[in-house]
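Undergrad: kindly generate the corresponding structure for this input.
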Amino acid sequence: MAVMQEYKCPCCGGAIGFDSSVQKMKCPFCDTEFEMETLKAYDQELQNEKADNMNWENQSSEQWTDTENLGTYVCNSCGGEIIGDETTAATSCPYCGNPVVFMGQLSGALKPDYVIPFKLDKNAAKEALKNHYKGKILLPKVFKDQNHIDEIKGVYVPFWLFDADADANIRYKATRVRMWSDSQYNYTETSFFSVFRAGKIGFERVPVDGSSKMPDDLMESVEPYNFAEAVDFQTAYLAGYLADKYDVDAQQSVGRANERIKKSVEEAFRSTVTGFATVTPEASSVNLSNSKSRYALYPVWLLNTSWQGENYLFAMNGQTGKMVGNLPMDKKLFTKWLSIITGAVTAVSFLVTYLMWIL
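TA: Numbering: from 1, shown residues only. As a prediction, this is how the structure comes out:
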């Protein structure tokens with residue numbers, strides 16, 4: 001039987017959740033605060049609890065039932081029906097708003113190793129979206145006023161963190177160019193070189209999101225996270241937010257991790273090849289060793305907006321405040337700027353040609 005945990009205030013009985021501003025559990029009704037450390041033993045007891053097994057033959061007492069990857073559960077506070085899919089790990093009751101955590105989605109092999117708690121709240125996400133609009137000269141002026149936030153939610157996104165040592169060998173084709181002239185001719189001498197680089201680079205906690213729901217490019221764009229602020233996982237940090245367990249496992253995420261590691265290795269080695277006019281990679285070999293993966297939950301604010309029938313998704317790093325997301329472009333304004341730039345380039349080209357002719 002699925003275990004659903006609701007954190008209740010011992011003072012007034014209200015539902016409590018994690019408050020990012022004080023980094024503690026807090027009751028919104030009586031303002032009582034609770035240290036996270038005090039909940040560790042409680043969480044451990046919840047992990048060890050076993051559900052009743054009182055089924056009659058050909059009968060079932062399961063409260064959680066899956067229908068086409070959807071599940072329903074009865075809220076312990078108001079009796080309302082909570083619906084989630086097979087990856088839902090934390091949510092809130094749609095009737096009374098009480099935050100709930102599905103313990104079975106976060107135990108055993110599904111239990112994260114770490115969590116980075118939210119540091120920024122919903123108001124900070126709204127303000128960051130306003131700041132995201134600033135300085136965008138091609139953004140339609142009416143977009144700022146007419147773009148409505150349809151939904152804003154704080155989500156703990158599952159991430160796989162990969163460690164590995166990379167042993168690489170890379171060969172480049174490089175050139176140097178020398179130019180000179182005499183009274184009759186202009187000369188150009190191009191020298192070609194084979195450049196080799198070899199070495200080792202260690203990587204720690206290369207992140208790859210483990211949720212098929214989240215756009216990979218969006219999740220990579222809100223990086224980096226400061227892992228120094230990560231803590232050992234406790235379900236209490238999830239209270240008041242949404243959370244998903246991974247549905248893309250570590251093995252399925254290895255390919256993206258390898259791509260990121262290989263690209264980083266090649267960029268690091270390329271930065272050491274200097275003093276050439278051109279540098280072109282010809283061969284690259286990257287071998288990994290001492291590889292391992294860990295599982296963590298990272299905080300993300302997701303903002304869904306709409307304007308003129310189009311939907312726009314923005315994401316903010318819940319720890320650092322970095323905001324990303326695509327914006328519409330004013331095509332008329334773009335054409336105007338393009339005409340101005342084209343005219344300026346044409347004028348400069350004409351001036352250079354004229355000066356060369358008269359000199």
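Undergrad: need phi/psi at residue 249.
TA: In terms of degrees, to the nearest 10, the main-chain angles of residue 249 are phi -80, psi 180.
Undergrad: buried set for the longest strand anywhere in the chain?
TA: In the chain, with assignment by DSSP state E, the single longest strand is strand 148-181. The neighbour-count check on strand 148-181 (16 or more other Cβ atoms under 10 Å) flags 152, 154-164, 166, 168, 170, 172, 174 as buried. C-beta: built from backbone N, CA, C; applies to glycine.
Undergrad: avg pLDDT for that strand?
TA: Per-region confidence: strand 148-181 scores 91 on mean pLDDT.
Undergrad: low pLDDT regions in the stretch 101-250 of the chain?
TA: For the stretch 101-250 of the chain, the stretches flagged by pLDDT under 70 are 136-147.
Undergrad: which parts of it are helices?
TA: Using DSSP state H, counting those that start in this stretch, the helices of the stretch 101-250 of the chain run over 122-133, 141-146, 216-221, 250-270.
Undergrad: among those helices, which is nearest residue 116?
TA: Nearest to residue 116 among the helices of the stretch 101-250 of the chain is helix 216-221 (13.5 Å), distances taken as Cβ to Cβ.
Undergrad: for that closest one, name the packing helices and strands.
TA: Applying 3 or more Cβ pairs under 8 Å, 6 or more residues apart in numbering; DSSP states H and E, we find helix 216-221 packed against strand 186-209, strand 310-317, strand 323-325.
Undergrad: follow-up on the earlier one: closest to residue 326 out of the helices of the stretch 101-250 of the chain?
TA: Closest of the helices of the stretch 101-250 of the chain to residue 326 is helix 216-221, at 9.3 Å (criterion: Cβ to Cβ).
Undergrad: shaky segments in the stretch 251-359 of the chain?
TA: 328-359.
Undergrad: the longest strand of the chain pairs with which strands?
TA: Take DSSP bridges as the rule and strand 148-181 pairs in its sheet with strand 186-209 (antiparallel), strand 242-244 (parallel), strand 278-307 (antiparallel).
Undergrad: now these as a markdown table including distance to residue 257 and mean neighbour count?
TA: Listed next are these as a markdown table, based on distance: least, Cβ to Cβ, whole Å; neighbours: other Cβ atoms under 10 Å:
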| stretch | distance to residue 257 | mean neighbour count |
| --- | --- | --- |
| strand 186-209 | 5 | 14 |
| strand 242-244 | 19 | 23 |
| strand 278-307 | 8 | 17 |
